[in-house]
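>>> the sequence isn't on hand, but the structure is:
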């Protein structure tokens with residue numbers, strides 16, 4: 001998949017002074033801008049099917065759909081990591097959709113999800129293997145893995161592994177501590193290295209729904 005990404009940069013200037021200088025805290029507006037500026041990746045896979053709109057500088061995106069066929073949209077980072085990701089907003093769906101942290105490893109080629117809200121449980125798919133659980137950010141998550149055979153990927157049609165953490169207590173706002181999930185997945189073979197992109201995303205492949213989200217990390 002190919003997506004457009006824009007990188008915002010903040011440049012700070014400092015001047016030396018022979019006189020004592022009072023320490024001044026950065027304004028909240030500047031701190032918030034710095035956080036938003038770290039979002040440098042736009043996920044837009046079939047966004048035309050979802051009325052996808054986003055403001056990368058503000059860290060916000062919205063989408064709505066009606067029996068769309070598969071799409072994945074959201075905002076995040078060109079390189080995944082064990083960061084903590086904060087999200088807030090609204091998410092409503094009646095079938096075939098997730099609100100999740102979503103990303104890829106380059107090698108071994110791996111797709112992963114931390115599913116925060118959903119109308120379809122990916123661990124219920126045929127061939128999925130339940131491999132444990134993890135407690136993080138106020139809820140338990142069941143963990144499963146699956147192998148996709150000759151399916152679309154970041155490296156064309158390919159065979160690759162999938163890892164899922166599916167939250168028991170669904171939510172549309174909160175913080176996801178990715179390191180907790182990576183550490184839990186490692187017990188079942190997750191490499192936790194060679195990261196490609198990582199985003200807070202909405203995916204849908206059937207039904208109707210809408211989402212309005214704000215993301216920071």
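Sure, I can see it. Computed from a predicted structure; not experimentally measured. Residues are numbered from 1 along each chain as shown.

>>> isn't residue 137 up against residue 175?
Yes - counting by Cβ atoms under 8 Å, residue 137 does reach residue 175; the two are 5.9 Å apart. From N, CA and C alone the C-beta is placed, and that goes for glycine too.

>>> how far is stretch 61-71 from where the chain is centred?
Stretch 61-71 sits 16 Å away from the centroid of its parent chain (Cα atoms, centre = their mean, to the nearest Å).

>>> try stretch 140-150
Using Cα atoms, centre = their mean, the offset of stretch 140-150 from its chain centre is 16 Å.

>>> how about the helices in the chain?
Listed in chain order, the helices of the chain (DSSP state H) span 28-37, 178-186.

>>> surely residue 136 and residue 183 touch.
No - judged on Cβ under 8 Å, residue 136 makes no contact with residue 183 at a distance of 9.7 Å.

>>> settle it for me: which of those two has more neighbours?
Remark: of residue 136 and residue 183, residue 136 carries more neighbours, 19 against 15, as counted by other Cβ atoms under 10 Å.

>>> any idea which of the helices of the chain scores lowest on pLDDT?
Lowest mean pLDDT within the helices of the chain: helix 28-37, a mean of 41.

>>> the residue nearest to residue 199 when sequence neighbours are not counted and residue 157, how far apart?
Nearest residue to residue 199 in three dimensions, chain neighbours excluded: residue 76, at 3.0 Å (Cβ to Cβ, 6 or more residues apart in numbering). Residue 76 sits 24 Å away from residue 157, taking Cβ to Cβ, to the nearest Å as the criterion.

>>> who's more crowded, those two?
Set residue 76 next to residue 157 and count neighbours by other Cβ under 10 Å: residue 76 wins out with 26 against 9.

>>> what's the longest strand anywhere in the chain packed up against?
Ranked by residue count, the top strand of the chain under DSSP state E comes out as strand 139-151. For strand 139-151, the contact count by 3 or more Cβ pairs under 8 Å, 6 or more residues apart in numbering; DSSP states H and E identifies strand 129-136, strand 158-167, helix 178-186 as packing neighbours.

>>> got the angle for that strand vs strand 129-136?
Here strand 139-151 points in a direction 140 degrees away from that of strand 129-136 (axes from the mean of the first three to the mean of the last three Cα atoms, to 10 degrees).

>>> can you give me the mean pLDDT across strand 139-151?
97.

>>> if we can go back for a sec, and the residue nearest to residue 199, bridged to which residues?
Beta-bridge pairing of residue 76 under DSSP bridges involves residue 41, residue 199.
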